[in-house]
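**Q** here is my input; please provide its structure:
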Amino acid sequence: MNNNVVEKVICAIATDPIYIGTGGYTIGRVDNTIVRDPITYIPKIPGSSLAGTWRYYVAMELQSKFKDEYKKDLQKRKDKSLEDLFENPKDWMKEFDGNRYARIKCAGQDDQANKTFEDSKMSNTGHCGRCIVCKGFGFAKKDISNQGMLFFSDLNILYFPVYTRLGTKWITSPKLLNENFEIEDNTILTANGSEGYLNLGWLNLEVRGPIKKDLDLNNLDFKKEDIVIVPDSLISQIINSNLEVRTSVSIDPITGAAKEGALFTSEAIPRGTIFKGEIRGFKRVDNDLPDLNLVFNALDDTKHYYETLGIGGMTTRGFGRLKIDLK
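**A** Below is the predicted model:
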């Protein structure tokens, strides 16, 4: 890795089903489909979804720490020290002067993109272009734009839960682990290697032998005994045939009963799925940028919002929560 680039690994476990919709309507197995990798057809959490929600969580945390008298009135912040502006600020808040211009509108789409950088300085809306949110995730004004310091990869499935006759097992494959395993088509490897046959959903596959390598479980709360390695040729089919499918219906507000013709189905990545990805931080030579360590501290300090507010769609209906480990 180049000295100007710092990489952090993200491991995440879904504590609710995850729904990242494609935004389209598909006639077929389900009505509302989720995003998949176009090459492997395995569902994933796009890096754009992760970056967008994390930007909002950092902006929200920063805004929440302003003292009440400074939350909305940027003019009052001008001659104050950062220590005076915030209530119990973290280092990433008080050690970067651009944070005095931050507002909640630094998250989301810039609704004042046609304003100049200077005109945006004391505005109460739009991206300010100066705080750790705008510098870390990027911004574009009429006359100046800056690429963000952070680059988010997709979160790809590393271990996927499947119910079997021996309880829930987490399946993976050599390509997902980026490891080499001697495994034949239509056979699987388990920790014991002596189960004979094991059902993975509708597939009943021969257990060919034990897993002979130590796997990095990334401090995740499950055991090596629960891991099953399947061939790369089967992993996509097993995952896609074991997704959660939820059926819903719209309610007629007049009668309070189900609305005729309004039944629909949605698919989701099930609870217990484990994802892996990375965030790369770019140390650019620019005096106006915050220290990269402060930017990563801001991410680490706000990752807990995924455990309550979540990611993706239908988060108010039992979907979306993630527990993230960043290292």
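**Q** can you pull out the helices in this protein?
**A** Per DSSP state H, the chain carries helices over the ranges 47-64, 82-85, 91-94, 132-137, 174-177, 232-241, 292-302.
**Q** average pLDDT across the first one?
**A** With pLDDT averaged residue by residue, helix 47-64 scores 97.
**Q** again with the last one
**A** The average pLDDT for helix 292-302 rounds to 96.
**Q** that helix: which residues count as buried?
**A** Neighbour-count burial for helix 292-302, with 16 or more other CB atoms under 10 Å as criterion, is recorded at Leu292, Leu294, Val295, Phe296, Asn297, Ala298, Leu299, Asp301, Thr302. Using the backbone N, CA and C atoms, a C-beta is placed for each residue, glycine as well.
**Q** tell me the contacts of the fifth one?
**A** Contact partners of Asn297, counting by CB atoms under 8 Å, 6 or more residues apart in numbering, are Lys90, Asp91, Trp92.
**Q** would you mind giving these as JSON lines with pLDDT and neighbour count added?
**A** Shown next, in JSON lines, are these (pLDDT from 0 to 100; neighbours: other CB atoms under 10 Å):
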{"residue": "Lys90", "pLDDT": "94", "neighbour count": "17"}
{"residue": "Asp91", "pLDDT": "95", "neighbour count": "13"}
{"residue": "Trp92", "pLDDT": "96", "neighbour count": "25"}
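**Q** related to what we said a few turns ago, now the helices of the chain as TSV including distance to Pro38?
**A** Output for those, formatted as TSV (distance: least, CB to CB, whole Å):
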stretch	distance to Pro38
helix 47-64	15
helix 82-85	45
helix 91-94	36
helix 132-137	25
helix 174-177	16
helix 232-241	12
helix 292-302	28
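**Q** who wins for proximity to Trp202 among these?
**A** Of all the helices of the chain, helix 232-241 sits nearest to Trp202, with 6.5 Å by CB to CB.
**Q** and the contacts of that closest one?
**A** Outside helix 232-241, the residues that reach it (CB under 8 Å, 6+ apart) are 40-43, 157, 160, 162, 171-176, 185-186, 200-203, 205, 230.
**Q** among the residues you listed, which lie within strands?
**A** Per DSSP state E, strands hold the following members of the contacts of helix 232-241: Ile157, Phe160, Val162, Ile171, Thr172, Leu200, Leu203, Leu205.
**Q** I'd like to know how many residues surround the closest residue in space to Ile144 that isn't next to it in sequence.
**A** In this structure, Ile144 finds its nearest non-sequential neighbour in Phe117, 4.3 Å apart by CB to CB, 6 or more residues apart in numbering. Summarising burial for Phe117: neighbours were counted as other CB atoms under 10 Å, giving 18.
**Q** for Met60, same thing?
**A** Residues near Met60, counting by other CB under 10 Å, number 15.
**Q** please verify my assumption that it contacts Cys106.
**A** No: between Met60 and Cys106 there is no contact, the gap being 10.0 Å when judged by CB atoms under 8 Å.
**Q** for the helices of the chain, which one sits closest to Asn3?
**A** Checking these against Asn3 by CB to CB gives helix 292-302 as the closest, at 11.5 Å.
**Q** the closest one to helix 47-64, inter-axis angle?
**A** 90 degrees (axes from the mean of the first three to the mean of the last three CA atoms, to 10 degrees).
**Q** report the beta-bridge partner residues of Gly21.
**A** In this structure, Gly21 bridges to Ile34 when assessed by DSSP bridges.
**Q** quick one: contacts for the residue lying farthest from the centre of the chain?
**A** The C-alpha centroid of the chain is most remote from Thr255, which lies 39.2 Å away (CA atoms, centre = their mean). Residues touching Thr255, when contacts are defined by CB under 8 Å, 6+ apart, are absent altogether.
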